[in-house]
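Participant: What follows is a predicted protein model with its sequence.
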Amino acid sequence: MELRDAATLFLTACILCLVFLWERKQRRPRSKLPPGPIPLPLLGNLLQLRASGMLKPLMKMRARYGPVFTLHLGPRQVVFICSCEALKEALVDQAKEFSGRGVVTSLNKLFDGYGVVMANGDRWEQLRRFCTSTLRNFGTGKRSIEERIQDEAQYLVEEIRKTKGSPFDPTLVISHAISNVICSVVFGNRFDYTDQKFLHLMGIINDTFLELSSVWTMLYETFPSIVRYIPGPHHRIFGHYKALHDFITERLRMNQQTLDPSCPRDFIDSFLIKMEEEKQNPQNEFSTRNLVETTIQLFFAGTETTSSTLRYGFLLLVKYPEIQEKVQEEVDRVIGQNHSPAMNDRGRMPYTNAVIHEIQRFANIVPLGVPHKVTCDTHFQGYLLPKGTDVFPVLGAALWDPKYFKDPESFHPGHFLDEEGHFKKNDAFLPFSSGKRVCLGKSLALMELFLILTTILQRFTLKSPKLPQEIDLTPKASGFLNAPPDYKLHAIPREGGLESTIGEPWQTVEQDGGNDEPKAARHG
Ligand code: HEM
């Protein structure tokens, strides 16, 4: 036998031994995890999942194994929670046990447990408390968050007005406007719509969101040690992170040089002051690393989720012009044309409120939730999850549950209205998750969605260059996140005579002006 054959034989024997040991480890009854489909060696349950969207295969498994089941992502055992009731039981009734942040392999490599989104234990508690109170303080300071959003909505109107009714891709302007709101809190200033450096960062954030929605990220989650070495688009996230990191570090340096401890201008100043105050406390988590990573995470979390929701929203409004018309009718009646929409208008606008809720429900931007992990051995629904078990709170299972929403695959604002047309809450409306890790920017995002959507519809009628029935609502990518499809729209100014002076390609759009809800509005 030649040396090369012997080496090959030895290597094969080693691999077989490893597979055998791995299999045995899977079978060892180290806990009483929920049931689930039998995993294949090495691959786990990968073949049972689908690259084009995880929710459907997960719903099939729910029908077979119940709302809580275990899947093997390669060698990782992950518990999936797939019903509104089970989600509430875990995230609210057993909030402390389920409050750990689970593994997102690609993000863990970047953040290494730093920053409020990825932190655990005492670090997370200190950062979460600080972020919540600081965001609130900047919201109630000289200029409220509401005023900042109202101002930004006007800048957005002016930017959109420049398109003069020609078709445009709204992706970057919307991201820019939404990002400016969080920038004004975190950095103390907004960025102009022509700022090339900032536009580049918006492109990066958008691309990262797409990457996190892609099949590559799912593969990376499953086989990090292999996929890490395979060239592919998943590596782009690391370059993007570096660009964001450099940007934030530069801002941090600027703040340090000009800091006046008696007068914090923004989130970064407040953090720097806290770092100084806590210097003598050995347990304190107010380090430069936590400042940089938290800022990157606020910047990212505060931009792409809300702007993707709005982008889905505008697409739905051009597909269903009769719904858009009803929102405009309510805007005109309650707010009129002479003042900017304000949050206290929302209580008198049940239809608009229902439409915004339905946009969030239908768009289902974070379908699998952000992974949690249990912080101690946890008894749950008759099973025992050992400390550290990763748990996916599948928010999409609640948002698209036919038990709570009559026709979940349709865009139907009636899901949030009672017979008299009053706004109706729904327990399964969980786009921001729930419990101790509930989205930290929930109230900011709700304000942004209401104020920007109503301001745009107060000033413009949105139309598509396509016929409504040709508009495809299928997400562009669907993995951890659901990215809306690319599209263009026309924004036709509502006031003045501009409407008559521009070309009218949108006239091909059928408009019956009726008030009926759409009959069927399915993804795809
Ligand atoms: C429509 C917009 C948004 C949606 C759908 C959304 C959704 C979510 C979800 C599902 C989570 C995970 C919660 C969990 O772990 O169970 C989360 C966490 C988070 N969100 Fe949002 N979010 C939105 C906007 C924002 C905004 C504007 C900010 C800016 C401040 C923000 C900041 C955060 C942070 C910091 C966390 C981590 C909280 C923690 O781990 O303690 N989000 N968000």
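Facilitator: Here it is on my side, so go on. Numbers count the residues shown, from 1 in each chain.

Participant: so where's this structure uncertain?
Facilitator: Counting by pLDDT under 70, the ranges of the chain that qualify are 1-31, 51-52, 139-143, 213, 215-216, 218, 225, 233-234, 495-524.

Participant: Of all residues in it, which one is closest to the ligand?
Facilitator: Proximity of the chain to the ligand (Cβ to the nearest ligand atom) peaks at residue 441, 2.1 Å away. Backbone N, C-alpha and C define where each C-beta goes, glycine included.

Participant: For the nearest residue to that residue once chain neighbours are set aside, give its distance to residue 145.
Facilitator: In this structure, residue 441 finds its nearest non-sequential neighbour in residue 302, 5.5 Å apart by Cβ to Cβ, 6 or more residues apart in numbering. Per Cβ to Cβ, to the nearest Å, residue 302 is found 11 Å from residue 145.

Participant: same check, this time on residue 163
Facilitator: According to Cβ to Cβ, residue 163 stands 28 Å off from residue 145.

Participant: In terms of neighbours, single out the busier of those two.
Facilitator: A direct count of neighbours by other Cβ atoms under 10 Å for residue 163 and residue 145 places residue 145 higher, at 23 against 17.

Participant: Surely that one and residue 137 touch.
Facilitator: No. The criterion here is Cβ atoms under 8 Å, and residue 145 misses it with residue 137 at 10.5 Å.

Participant: Which residues of the stretch 301-450 of the chain lie near the ligand?
Facilitator: Residues of the stretch 301-450 of the chain lying near the ligand by Cβ under 6 Å from any ligand atom: 301-302, 305-306, 309, 365-366, 369-370, 393, 395, 431-433, 437-441, 444-445.

Participant: just the chain next, same as before
Facilitator: 101, 116-117, 128, 182, 297-298, 301-302, 305-306, 309, 365-366, 369-370, 393, 395, 431-433, 437-441, 444-445.

Participant: Contact partners for the residue nearest to the spatial centre of the chain?
Facilitator: Nearest to the mean C-alpha position of the chain, by Cα atoms, centre = their mean, lies residue 305 at 3.7 Å. Contacts for residue 305 (Cβ atoms under 8 Å, 6 or more residues apart in numbering) come out as 365, 366, 445.

Participant: Out of those, grab the one that's most surrounded.
Facilitator: Neighbour counts for the contacts of residue 305, by other Cβ under 10 Å, peak at residue 365, which reaches 25 neighbours.

Participant: Among the contacts of residue 305, which lie within helices?
Facilitator: Among the contacts of residue 305, DSSP state H puts residue 445 in helices.

Participant: got any residues that touch both of residue 302 and residue 145?
Facilitator: Taking Cβ under 8 Å, 6+ apart as the criterion, residue 302 and residue 145 both touch 181, 444.

Participant: related to what we said a few turns ago, of the residues of the stretch 301-450 of the chain next to the ligand, select the buried ones using a ChimeraX command.
Facilitator: A single ChimeraX command selects the buried members of these (16 or more other Cβ atoms under 10 Å):
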select :301,302,305,306,309,365,366,369,370,393,395,431,432,433,437,439,440,441,444,445
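
Participant: out of the residues of the stretch 301-450 of the chain next to the ligand, which are inside helices?
Facilitator: Judged by DSSP H, helices contain the following of these: 301, 305, 306, 309, 395, 444, 445.

Participant: now, the most widely separated pair of those?
Facilitator: Pairwise distances across these (Cβ to Cβ) peak at 18.6 Å, for the pair 395 and 444.

Participant: need the strands for the stretch 301-450 of the chain, in chain order.
Facilitator: Under the criterion DSSP state E, counting those that start in this stretch, the stretch 301-450 of the chain contains strands at 372-373, 378-380, 383-385, 390-393.

Participant: Redo these as TSV? Include distance to residue 313.
Facilitator: Shown next, in TSV, are those (distance: least, Cβ to Cβ, whole Å):
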stretch	distance to residue 313
strand 372-373	28
strand 378-380	35
strand 383-385	37
strand 390-393	24
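
Participant: of all those strands, which lies closest to residue 254?
Facilitator: strand 372-373 (35.9 Å).

Participant: what's that closest one in contact with?
Facilitator: Here strand 372-373 makes contact (Cβ under 8 Å, 6+ apart) with 90-91, 98-103, 120, 388-393, 437.

Participant: could you flag which of these are buried?
Facilitator: Buried by 16+ other Cβ under 10 Å: 90-91, 98-103, 389-393, 437, out of those.

Participant: Can you name the residues that contact the residue nearest to residue 441?
Facilitator: Contacts of residue 302 were listed using Cβ under 8 Å, 6+ apart, and they are 178, 179, 181, 182, 186, 441, 444.

Participant: Near the closest residue to residue 221 other than its chain neighbours, how many other residues are there?
Facilitator: Of all residues not flanking residue 221 in the chain, residue 105 sits nearest, at 5.1 Å (Cβ to Cβ, 6+ apart). Residue 105: 17 surrounding residues under other Cβ under 10 Å.

Participant: Same question for residue 172.
Facilitator: Other residues within reach of residue 172, judged by other Cβ under 10 Å, total 16.
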